[in-house]
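Trainee: Just need the structure, nothing else, for what follows:
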Amino acid sequence: MPLEIKKSCLLLLLIGSSLIFTYCSTKPISYGMVLWAKKESPFLTGEIIQIIKESQIQKSYLVRLGDSRELKEIPFWRVRAYPDLKKAQAGAADYAQNKNMFGYAEKDGLPIRDKPHQEAKRVYKLREGQLLKILNRSVDKVIISGYEDYWYRVLTEDGCEGFCFGYYLGTFSTRGDPHAEVQHLMAKDQVLDNLLSTVWRPEYFREMADSGKIDLLRFNKFIGLFPDRNGKRIDLITSKYQEIFSYEAVEKVGPNRYHFLGTGLRIYIEGDTRIILTYTKGGQITSAVYVLFDQDIDQIISGERGRRFKLFKEFVSRGRLLHSTAYGSIELLEGMRFFWDDFGSLSFQIFPGPVEGRGVVDFPYYLSAELLYQFDGIITFQFDEYPGQEGTSFLYKFDNRGVRFVFIRPQDIVDLEAVHVGITPLVIYFDFGNP
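Mentor: This is a model prediction of the structure:
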């Protein structure tokens, strides 16, 4: 065989061997799952890939692109490697719930640690607004320095993986551009918008409505927290005082925590329907819980007034005049008013002070379970000389000819309920009659 032909055959053999080697060299050595695909990457987050080769020098994998023979390079930190396809598929299935989950730091200096523990080594310090990929989350919440939240396993855009406590970590899900979503979330604070566009009521409004026991001195539509965003003020009106917080700006000092600059007011939003206020009153720090109360306040008040008027009518139906041999007579008048004549020493014993004997009859209190079967109710006489005070209250029990009054001390009424009768209470019996 001529030398030229031998050389040609040898060259073809070498080329063929090279092709065979190239084909064989693309056989996967392992499999991987993409943790966080780059924006312009041909891969998808959560996608299973074939790892053909790895480079410890470049800290990257050479991976096959789909079913083609084309190979691409991807950094180690963007991939979770598995020894075989089955384990990679299981890993991708577990990761599916977090595939579109991201987070961002809500304050500067938020640490990433090498273990989910507050004393673990800090491996990274985040900037406010810095984007993170959420890889996983602890099953249960933990409490650290009084703050409760989850531990998140996270990945930064420059390849740092570790654990971040979630109290100052905003989390969200998106299939779009996570950077744009972070900018949107930081620019528009929906939680603050909700806070400043809502009238908030004391938590006891809900408690009273649920129990059906309404204190009309503390339950009305003028009591509450009234934000005025345009005027940069928040009015706090209670049954005892009014505070006006005129603020310069609102500073977010933590997740759902706001400081109204220029005032001592701070508000923590626990959810869509509950907030906690902290402010200074008389040199003392005061905290109060307010809620979103969507029931009709006027209707509840009307119902409570109707209940009290019904009890008054029951007295009137038995007789407008109550007479006692020792403590004078009580005349029940229109408009739930009364005139108590010749009451003797009661002004020194149980009345709030010197009185002329005129005032309003009311029924603001309720019987506890212990007293429910001993008495028919509680009647209160509010004297004109002492408006806004507790008045003088008696447990009462009807019989065929009159009513027995048993004086009950203010300290024996708790949360609108009469819970106790003194050891030797004052007892007055009144006969019913008509003037």
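Trainee: From now on I want contacts and neighbour counts done on CA atoms only, so please keep to that.
Mentor: Fine.
Trainee: Name the helix or strand for residue 298, please.
Mentor: Using DSSP states H and E, residue 298 sits within helix 297-318.
Trainee: what's in contact with that helix?
Mentor: For helix 297-318, contacts defined as CA atoms under 8 Å, 6 or more residues apart in numbering pick out 209, 214, 216, 219-221, 332, 336, 361-364, 432-433.
Trainee: what about burial for those, which qualify?
Mentor: Among these, those classed as buried by 16 or more other CA atoms under 10 Å are 209, 214, 219-220, 332, 361-364, 432-433.
Trainee: Of those residues, which belong to strands?
Mentor: Of the buried ones among the contacts of helix 297-318, the ones assigned to strands by DSSP state E are 332, 361-362, 432-433.
Trainee: Which one of the residues you listed is nearest to residue 117?
Mentor: Nearest to residue 117 among these: residue 362, at 59.4 Å, using CA to CA.
Trainee: Where does confidence bottom out across the contacts of helix 297-318?
Mentor: On pLDDT alone, residue 433 ranks lowest of the contacts of helix 297-318, at 79.
Trainee: residues contacting that one?
Mentor: Here residue 433 is in contact with 318-323 (CA under 8 Å, 6+ apart).
Trainee: any idea which of the ones in strands among the buried ones among the contacts of helix 297-318 is closest to residue 161?
Mentor: residue 362 (67.8 Å).
Trainee: Next, count neighbours for residue 301.
Mentor: 18 (other CA atoms under 10 Å).
Trainee: The stretch 251-400 of the chain: helices as residue ranges?
Mentor: 297-318, 346-349 (DSSP state H, counting those that start in this stretch).
Trainee: Show me how the protein divides into domains.
Mentor: Residue ranges for each domain of the chain read 23-93, 100-188, 194-291, 297-433, as given by automatic domain parsing.
Trainee: least reliable of those domains going by mean pLDDT?
Mentor: Minimum mean pLDDT among the domains of the chain: domain 23-93, a mean of 88.
Trainee: Can you name the two of the ones in strands among the buried ones among the contacts of helix 297-318 that sit furthest apart?
Mentor: 362 and 433 (20.4 Å).
Trainee: ok now the helix holding residue 298, how far from the chain's centre?
Mentor: 36 Å (CA atoms, centre = their mean, to the nearest Å).
Trainee: same question, stretch 200-211
Mentor: Centroid displacement of stretch 200-211 relative to its chain, using CA atoms, centre = their mean, is 16 Å.
Trainee: Name the residues of it that are buried.
Mentor: So, applying 16+ other CA under 10 Å, buried residues of stretch 200-211: 200-206, 209.
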